[in-house]
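Participant: 3D model of this:
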Amino acid sequence: PDQNDVIQARKAYDLQSDINYKSDMEWLRGIGWIPTDSIDVKKVKHAQDILSDITYRTKVDSLQFTPVADRVDFVAAKQSGDILNDVKYREAWHASKTKYTLVDTPTMVAARDAARNLNDKLYKDGWEKLKATGYNMPVDALSIGHAKSSQDKQSELKYKAEYVKQLGHHVGCHDIYDYPKMVWCMHLGKMQSNREYKKEFEKHKAKINVPVDMLDIL
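Facilitator: The predicted structure is shown next:
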C-alpha cells in the first residue's frame, strides 16, 4: 500500500473527486456571514465620505486646529491691511502738517518766478509806465514806412490808379486806325459778319467760266 504508484493514484483520485471538491462548501453551508467589514464595503463608505456634501461643507468652527500667529500669509495680510489703511496712511501727515518751516528751496523759488511770469498785472506794468510818460515816434520811422508801403500795396485805389489815368486818353482820335483796339474790334466784327463772309461769293456767283472742252454740255 505504500508504493509510489498507489500513493499517486490516491492523490489523483482525491483531486478528481467531486465530494472532496465540494467538502468546504458543505461545511460552510448554513453558517451566516455579514459583510460589514469587507474590503468592498469599506471602499464604498470611504467614497461616500469623499462625495458627501455635508462633510465637504463642515464649518471651520467645528474643526479642531491651532492657528499659528507668525505664518507668512498672516504677516503679509497684516502688512497689506496697514498699507491700505487710510488712517495710518495720513497719520504722519496729520502729525506734521502744523509743524513746518518755510525756507527758500529751489522749488519755492521756481514757483515764485512762475507766478511772477504768469501775473497779468506785472506783465503789463512796463507798458502802463511807458504810456504814462508818453513816446515820440518819428514820421520816417522804419515801422511807419513799412506800414505805409503795405497799405499802398493792399489799396484798391492805388491798384487802379494807372487804369483811371488812362481812361479818356483815346477819346477824340483823328482816325479810327490810330486806336489799335478799335482796329482790332473792327477786324473781329468783319470776321463775325455774315455779309462780309458772303461778299466774295456774291461778286463771283454770276461769272461762270466754262472750259472749251465742256461746251458740249451746254
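Participant: Could you check the pLDDT of the most centrally placed residue in the chain?
Facilitator: Centroid-nearest residue in the chain: L84, 33.1 Å away (criterion: Cα atoms, centre = their mean). Here, the pLDDT recorded for L84 equals 88.
Participant: Contact partners for it?
Facilitator: Counting by Cβ atoms under 8 Å, 6 or more residues apart in numbering, L84 makes contact with nothing. C-beta coordinates here come from the backbone N, C-alpha and C atoms, glycine included.
Participant: tell me the SS of I31?
Facilitator: Following DSSP: H, G, I helix; E, B strand; the rest coil, the label given to I31 is coil.
Participant: Count the residues that sit near it.
Facilitator: I31 has 6 neighbours, counted by other Cβ atoms under 10 Å.
Participant: Can you pull the phi and psi angles for it?
Facilitator: Main-chain torsions, I31, degrees, to the nearest 10: phi -90, psi 120.
Participant: so how far is D24 from it?
Facilitator: 11 Å (Cβ to Cβ, to the nearest Å).
Participant: Phi and psi next, for Q192.
Facilitator: Dihedral angles (degrees, to the nearest 10) for Q192: phi -90, psi -10.
Participant: How confident was the prediction at it?
Facilitator: pLDDT at Q192 comes out at 77.
Participant: swap in the one 5 residues further on?
Facilitator: At Y197, the pLDDT value in this model is 76.
Participant: With E200 instead?
Facilitator: For E200, pLDDT reads 78.
Participant: sec struct for it, please.
Facilitator: Taken by three-state DSSP, the conformation at E200 corresponds to helix.
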